[in-house]
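> need a structure here:
(chains A, B, C and D)
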2 protein chains.
Amino acid sequence: MVQAQTLSRNQQIVLDIIEKAKGPLKAYSILFNVQKKGINAPQQIYRALDKLIEMGKIHKIESKNAFVACRSSDCEISKATAFSICESCEMVDEISDAKLSKYLSSFNHRKGMKFKRFNLEFFGLCKKCK
Amino acid sequence: MVQAQTLSRNQQIVLDIIEKAKGPLKAYSILFNVQKKGINAPQQIYRALDKLIEMGKIHKIESKNAFVACRSSDCEISKATAFSICESCEMVDEISDAKLSKYLSSFNHRKGMKFKRFNLEFFGLCKKCK
DNA sequence: CTCAAATATGTTATATTATAACAAACGTTA
DNA sequence: TAACGTTTGTTATAATATAACATATTTGAG
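Numbering: from 1, shown residues only, chains lettered A, B, ... in the order given. Prediction:
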């Protein structure tokens, strides 16, 4: 079972870095950023990332193997995630839209699947880059 | 620019294997399967995969780093892809639904993005596994 | 409280996924 | 036929992720 609130030391360190970042961070770039804090091994990063994902504090952008902080409140521990990804500047924007969530959840049910979650990634050019 | 029809030797070999497979295949498992045909290096696989994706013949399942043959006709060279993924048996099913495509394409436009494509992955248990 | 269970940490090693860089062959088509 | 784009073959290495094991810390039931 997942804790509701308290983060362990390493989890907090990793989360802080991801939250401060402007864009998605890769596991090894997180690692390089925390070596001064006594974290030396990929395992320590990946374990923290796994827990943070379980808790819904961060999301993985699958197409980039990178991680962003959760900016939404209605993703319900990551059951329904959606992102806009700019192919030029690499910006990632979490899409928080209850209608979209509802539409996709029910869509999947109709297809005979016992639905657990979905992840949607949009690609294109953001306002600045287009 | 991408060719319309003709596949090169390696591209055809890789596509054949992916089309015959029951489920998604990983790059290195493809590699191991074609070493008898004289393909020895990951590069040769990845290059074929890249081209096949460009041509819309196969899709990458991002959450699994695996590849499936395209079973749809209306994904328009992979501009709009959607999959059901069973977390138990690993089955992947391509979802081909014009309404869904339309809904998601126009959704994204409203968010101020110059839309190029999307990829949607549903997770849960398939009929057999639930 | 207290000890057992669960969770988190540290560490070394290794597996898996993917790309860089370069040389040679092939196939158009102008 | 020469120039161009594409494909191939090859060696090396980069980037991403997990296995396995020992130890420490936290938490909660009795």
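
> C-alpha from now on. contacts and neighbour counts both.
OK.

> where in chain A is pLDDT low?
Applying pLDDT under 70 to chain A picks out residues A:1-5, A:74.

> taking it, what residue is nearest to DNA strand D?
Here chain A gets closest to DNA strand D at one residue, A:Q43, 4.1 Å apart by CA to the nearest atom of the strand.

> where does the residue most central in space within chain A land in three-state SS?
Closest to where the C-alpha atoms of chain A average out (CA atoms, centre = their mean) is A:H59, at 1.2 Å. Secondary structure state of A:H59, per DSSP: H, G, I helix; E, B strand; the rest coil, is strand.

> now do the contacts for it.
A:53, A:67-70, A:78 (CA atoms under 8 Å, 6 or more residues apart in numbering or on different chains).

> around chain B, pick out the residues from chain A.
A:62-63, A:84, A:108, A:112-127, A:130 (CA under 8 Å from any CA of the partner chain).

> looking at these, which are in helices?
Mapping the residues of chain A next to chain B onto helices (DSSP state H) picks out A:N108.

> which residues in chain A form strands?
Here chain A has its strands, by DSSP state E, at A:58-61, A:66-69, A:80-86, A:92-94, A:114-125.

> save the ones you listed as a markdown table, and put in distance to B:Q12 too.
Shown next, in a markdown table, are the strands of chain A (distance: least, CA to CA, whole Å):
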| stretch | distance to B:Q12 |
| --- | --- |
| strand A:58-61 | 31 |
| strand A:66-69 | 32 |
| strand A:80-86 | 32 |
| strand A:92-94 | 35 |
| strand A:114-125 | 28 |
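
> export the ones you listed as a markdown table, with columns for distance to DNA strand D.
Shown next, in a markdown table, are these (distance: least, CA to the nearest atom of the strand, whole Å):
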| stretch | distance to DNA strand D |
| --- | --- |
| strand A:58-61 | 8 |
| strand A:66-69 | 7 |
| strand A:80-86 | 16 |
| strand A:92-94 | 16 |
| strand A:114-125 | 15 |
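
> what subset of the residues of chain A next to chain B is buried?
For the residues of chain A next to chain B, a neighbour count by 16 or more other CA atoms under 10 Å in any protein chain shown gives the buried set as A:62, A:84, A:108, A:113-126.

> DNA strand C contacts on chain A?
A:1-3, A:7-11, A:38-44, A:47-48, A:51 (CA under 7 Å from any atom of the strand).

> could you report the neighbour count for A:I13?
Neighbours of A:I13 under the rule other CA atoms under 10 Å in any protein chain shown: 17.

> can you pull the contacts of it?
A:V34.

> change it to 10 Å
Residues near A:I13 by CA atoms under 10 Å, 6 or more residues apart in numbering or on different chains: A:7, A:30, A:34, A:37, A:39, A:45, A:48.

> DNA strand D contacts on chain A?
Residues of chain A lying near DNA strand D (CA under 7 Å from any atom of the strand): A:6, A:26-29, A:41-43, A:46, A:65-66.

> which two of these have the greatest separation?
For these, the farthest-apart pair by CA to CA is A:T6 and A:N65; their separation is 25.9 Å.

> A:F107 touches B:L100, doesn't it?
Yes. With contacts counted by CA atoms under 10 Å, A:F107 reaches B:L100, the gap being 8.6 Å.

> okay, A:T6 and A:N65: which has more neighbours?
Taking other CA under 10 Å, A:T6 and A:N65 do not tie; A:N65 has more neighbours (13 against 8).

> who's in contact with the nearest residue to the more buried one once chain neighbours are set aside?
Distances taken as CA to CA, 6 or more residues apart in numbering or on different chains place A:K26 nearest to A:N65, at 6.5 Å, with adjacent residues excluded. Going by CA under 10 Å, 6+ apart, A:K26 touches A:18, A:60-61, A:64-68.
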